[in-house]
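Participant: quick check, what structure comes out for this input:
(one chain, ligands or ions: 1)
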Amino acid sequence: MRKPIIAGNWKMYKKFSEAKQFIEEVKGLAPDADKVDSIICAPSLFLQPLVQATEGSTLQIGAQTMHDAKEGAYTGEVSPVQLKDIGINYVILGHSERRQYFNESDVSVNKKVKAAYEHGITPIMCVGETLEQRESGATASIVENQVAAGVAGLAEEQINQLVIAYEPIWAIGTGKTATAEDANEVCGVIRKKIASLYSPEAADQVRIQYGGSVKPANIEELLGMEHIDGALVGGASLEADSFVKLLEAGLHA
Ligand SMILES: O=C[C@H](O)COP(=O)(O)O
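Facilitator: From the prediction side, this is the model:
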């Protein structure tokens with residue numbers, strides 16, 4: 001049985017005062033860490049104070065991106081060493097917004113995934129198809145290729161720790177959710193790809209989240225699916241009440 005992982009992705013939302021207020025409201029309500037992994041991926045600017053604010057809580061703070069180099073002349077970037085040093089254990093990599101607006105490619109995502117492992121940070125590696133790709137029947141091949149490129153060169157014991165987020169781009173922030181069956185089917189494709197690249201055991205361990213307009217009203221159905229082990233949530237992670245409901249759904253998955 002794979003432990004559910006519910007991660008909020010705040011993207012570039014919230015002022016610091018709002019972020020702190022949210023953490024104060026949620027930190028005592030996150031489930032036991034042995035039952036659900038509960039994570040908020042906050043803007044880089046807020047990471048260190050939010051890590052401090054969650055000390056002693058099962059709510060963890062994650063990052064939304066990082067550079068693959070451990071240090072260097074990369075103005076504006078944050079390194080895996082810097083993240084680990086302040087207590088960050090999760091990082092979202094290859095989110096479709098990073099691929100679309102910041103030129104991230106399968107190759108750069110793969111470098112970042114490897115760098116995250118080198119520094120003891122668990123990657124949440126995002127994959128997903130556009131509407132055009134879905135309509136042309138290319139979803140499975142697109143997602144399989146993204147997965148294969150993203151994990152290239154990783155050892156099987158690293159794969160066991162991996163989190164993959166399947167986020168159909170057309171469902172992000174649009175209010176359109178993939179049906180639970182469709183989401184499960186693609187998550188199943190991902191699991192099968194991991195089995196073919198590594199082993200059935202690795203495929204059984206890897207955790208796969210669904211992301212794209214997840215909210216309290218639909219999370220239970222999604223988490224009830226065979227291949228969906230969690231959710232990566234944007235909009236519905238911004239309000240404390242709503243995020244707590246998502247965490248509770250993880251507890252009952
Ligand atoms: O990382 C989260 C996803 O982009 C989903 O965002 P959303 O829940 O607002 O659709």
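Participant: interface residues of the chain facing the ligand?
Facilitator: 9, 95, 167, 172-173, 211-214, 232-236 (C-beta under 6 Å from any ligand atom). C-beta: built from backbone N, CA, C; applies to glycine.
Participant: which helix or strand contains Lys114?
Facilitator: Using DSSP states H and E, Lys114 falls within helix 106-118.
Participant: buried stuff in the host helix or strand of Ser141?
Facilitator: Using DSSP H and E, Ser141 sits within helix 139-151. For helix 139-151, a neighbour-count test (16 or more other C-beta atoms under 10 Å) marks 139-140, 142-144, 146-147, 149-151 as buried.
Participant: list the buried residues of stretch 187-201.
Facilitator: So for stretch 187-201, counting by 16+ other C-beta under 10 Å, buried means 187-194, 197-198.
Participant: and if you look at stretch 1-16?
Facilitator: For stretch 1-16, by 16+ other C-beta under 10 Å, it's 4-11, 14.
Participant: which of these fall in strands?
Facilitator: 5-9 (DSSP state E).
Participant: how about the residue in the chain that the ligand sits nearest to, nearest residue that isn't a chain neighbour?
Facilitator: With C-beta to the nearest ligand atom, the shortest gap between the chain and the ligand falls at Gly234, namely 2.4 Å. Leaving aside its sequence neighbours, Gly234 sits nearest to Asn9 (C-beta to C-beta, 6 or more residues apart in numbering; 5.2 Å).
Participant: do the same with Lys84
Facilitator: Lys84 sits nearest to His119 (C-beta to C-beta, 6+ apart), 4.8 Å away.
Participant: follow-up on the earlier one: got a list of what the residue of the chain closest to the ligand touches?
Facilitator: The contact partners of Gly234, by C-beta atoms under 8 Å, 6 or more residues apart in numbering, come to 8-11, 172-173, 211.
Participant: so can I have JSON lines of the buried residues of helix 139-151 showing pLDDT and distance to Glu77?
Facilitator: Formatted as JSON lines, the buried residues of helix 139-151 follow (pLDDT from 0 to 100; distance: C-beta to C-beta, whole Å):
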{"residue": "Thr139", "pLDDT": "97", "distance to Glu77": "32"}
{"residue": "Ala140", "pLDDT": "97", "distance to Glu77": "33"}
{"residue": "Ile142", "pLDDT": "98", "distance to Glu77": "28"}
{"residue": "Val143", "pLDDT": "98", "distance to Glu77": "28"}
{"residue": "Glu144", "pLDDT": "98", "distance to Glu77": "30"}
{"residue": "Gln146", "pLDDT": "98", "distance to Glu77": "23"}
{"residue": "Val147", "pLDDT": "98", "distance to Glu77": "25"}
{"residue": "Ala149", "pLDDT": "98", "distance to Glu77": "22"}
{"residue": "Gly150", "pLDDT": "98", "distance to Glu77": "20"}
{"residue": "Val151", "pLDDT": "98", "distance to Glu77": "23"}
